[in-house]
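Q: From the sequence below, what's the structure:
(one chain, ligands or ions: 1)
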Amino acid sequence: MSSRLAGKVALVTGGASGLGQATARLFVAEGARVAVTDIDEPAGAAVAKSLGPSATFIRHDVTSEADWQAAIEATVAAFGGLHILVNSAGIGPFGNIEETSFADWRRVHAVDLDGVFLGCKWALPAMARTCAGDGRKAAIVNISSVAGIIAGHNLVAYNSAKAGVRHLTKSVALHCARQGYPIRCNSVHPAFIDTPILDIHRARFGNERALEKLGRQIPMGRVGQPEEVAYGILYLASDEASFTTASELVIDGGITAM
Ligand SMILES: NC(=O)c1ccc[n+]([C@@H]2O[C@H](COP(=O)([O-])OP(=O)(O)OC[C@H]3O[C@@H](n4cnc5c(N)ncnc54)[C@H](O)[C@@H]3O)[C@@H](O)[C@H]2O)c1
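A: Numbers count the residues shown, from 1 in each chain. Prediction:
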């Protein structure tokens, strides 16, 4: 492995599973120290333990502003600063406009959109202080979805929240540029990736049939693997992307081109 994130400190939400876990692993392999945060304490602690002294686990509900403040404080206390935030925690339930309750609508927005807003809001001052101290640059990577670009009849809350993340990202990026902060902010838009978020499909069709059915919707003929998204997140988080802000990285096997 190279050292594309040498000396950087990252906080990865949803780090117990799926894209967050793959990202935390890649970041540590590339020289970062990583706070793995999640509401799933046993799984998150196991991921951090498997990564050794370069990682620590912090229990963190992204819908709670107090948890955000505490998680960022704990990251800075553990590793001396904050350069990278990856907002990966998310939920992805189905539901059309008629069957989605207001409570479900609010729950999806609380995790998938409010969580990203709070993360950007509370990471910015910590990143600005860190960069002022060590002269390094910082980056926020928000995991949206192709569902933030194209809609589905049965994804009303998820479509809305993920589209919100897309524009929230651009507003944060423009604010940082205007203020002259050394902080970039970009969004990532994956299509179906083989993580536990697809369990709802597995429950209906069984693992192999579910992945095959989803893969048939993708021009490349298969679902993606978490590492195929983690490498895109790594690029945006690293200084290699130093002129890239307010952008959307689509990692979708071609589905949004159709
Ligand atoms: N896998 C896909 O097909 C896919 C496609 C597009 C976008 N995404 C997005 O990627 C992100 C990661 O999804 P994944 O596929 O890794 O799913 P996943 O279910 O494997 O991981 C999501 C993680 O988020 C955590 N989480 C849920 N609610 C939380 C909360 N309130 N506070 C803190 N943590 C919480 C879960 O415990 C879990 O560890 C999500 O934002 C998802 O919407 C996934």
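
Q: Provide the backbone phi and psi angles at residue 144.
A: Here is the backbone geometry of residue 144 (degrees, to the nearest 10): phi -90, psi -130.

Q: same thing with residue 242?
A: Dihedral pair for residue 242: phi -60, psi -20, per degrees, to the nearest 10.

Q: how far out from the middle of the chain is the helix or strand of the chain with the lowest mean pLDDT?
A: Lowest by mean pLDDT, DSSP states H and E among the helices and strands of the chain is helix 199-205, with a mean of 93. From the chain centre to the centre of helix 199-205 is a distance of 23 Å (C-alpha atoms, centre = their mean, to the nearest Å).

Q: How about stretch 174-182?
A: Its chain's C-alpha centre and that of stretch 174-182 lie 21 Å apart, by C-alpha atoms, centre = their mean.

Q: Can you give me the buried ones in that stretch?
A: For stretch 174-182, burial by neighbour count (16 or more other C-beta atoms under 10 Å) applies to 176, 181-182. In this view, the C-beta of every residue, glycine as well, is placed from N, C-alpha and C.

Q: Residue numbers of this protein in contact with the ligand?
A: 13-14, 16-20, 38-40, 60-63, 88-92, 111, 143, 145, 190, 192-193, 195-198 (C-beta under 6 Å from any ligand atom).

Q: Give me the pLDDT for the most centrally placed residue in the chain.
A: Nearest residue to the geometric centre of the chain (C-alpha atoms, centre = their mean): residue 88, 2.3 Å. pLDDT recorded at residue 88 is 99.

Q: Residue numbering should commence at 272 henceforth.
A: In the new numbering, first residue 272, that becomes residue 359.

Q: separation between it and residue 463?
A: Using C-beta to C-beta, to the nearest Å, residue 359 is found at 16 Å from residue 463.

Q: same question, residue 424
A: As judged by C-beta to C-beta, residue 424 and residue 463 stand 17 Å apart.

Q: same check, this time on residue 361
A: Taken as C-beta to C-beta, the span from residue 361 to residue 463 is 14 Å.
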